[in-house]
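Chemist: kindly return the folded structure for what I paste below:
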Amino acid sequence: VIGAAVALKPLLAPVVLLFLFAGRWRALAAAVLVPALASAAAALAMPDPAGFFTRTLPFLLHGDDGFVRLYEASPAAVLPRLGVPSALAQGLAVAAA
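Modeler: Here you go, the predicted structure:
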């Protein structure tokens, strides 16, 4: 049950540490293998499973994209579009944070 819960909601992954600390090795193996097998099955069903590593992961690690920047509503993105100088916009964004 824990393995399925971790597969559906990865936020619960730290619960797996309970099995590790308690020495419940079979439960730990199940809690790790079920999400791994579910991920592998999902990857087999995808038309381009490598796309996560070639497009999505680099985008997440880089953190900035011109296409997404158009839809960003943070002060650092909106103020320059309204004509505020970039340095002032960054300063206001830092002050607001």
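Chemist: burial count for L28?
Modeler: By other CB atoms under 10 Å, 19 other residues sit near L28. From N, CA and C alone the C-beta is placed, and that goes for glycine too.
Chemist: closest to the centroid, which residue in the protein?
Modeler: For the chain, the residue sitting closest to the mean C-alpha position, by CA atoms, centre = their mean, is L60 at 7.6 Å.
Chemist: relative to A93, how far out is that one?
Modeler: Distance of L60 to A93, given as CB to CB, to the nearest Å: 21 Å.
Chemist: again with L17
Modeler: L17 sits 37 Å away from A93, going by CB to CB.
Chemist: these two - which one has more neighbours?
Modeler: More neighbours surround A93 than the other of L17 and A93, with 15 against 11 (other CB under 10 Å).
Chemist: for the more buried one, what are phi and psi?
Modeler: A93 adopts backbone torsions of phi -70, psi -40, taken as degrees, to the nearest 10.
Chemist: which of the three states applies to the residue of the chain positioned farthest from its centre?
Modeler: The centre of the chain is farthest from one residue, G83, which by CA atoms, centre = their mean lies 32.5 Å away. Following DSSP: H, G, I helix; E, B strand; the rest coil, G83 is assigned to coil.
Chemist: quick one, phi psi at it?
Modeler: Here the main-chain torsion angles of G83 (degrees, to the nearest 10) amount to phi 100, psi 0.
Chemist: just the pLDDT for it.
Modeler: Looking at G83, its pLDDT reads 90.
Chemist: same question for the one 3 residues further on.
Modeler: We note a pLDDT of 86 for S86 in this prediction.
Chemist: repeat that for G66.
Modeler: For G66, the model assigns a pLDDT of 68.
Chemist: from A97, how far off is the residue farthest from the centre of the chain?
Modeler: Counting by CB to CB, the gap from G83 to A97 is 22 Å.
Chemist: for A50, same thing?
Modeler: For A50, the distance to A97 - CB to CB - is 37 Å.
Chemist: show me the shaky parts of the protein.
Modeler: Where the chain drops to pLDDT under 70, the residues are 64-69.
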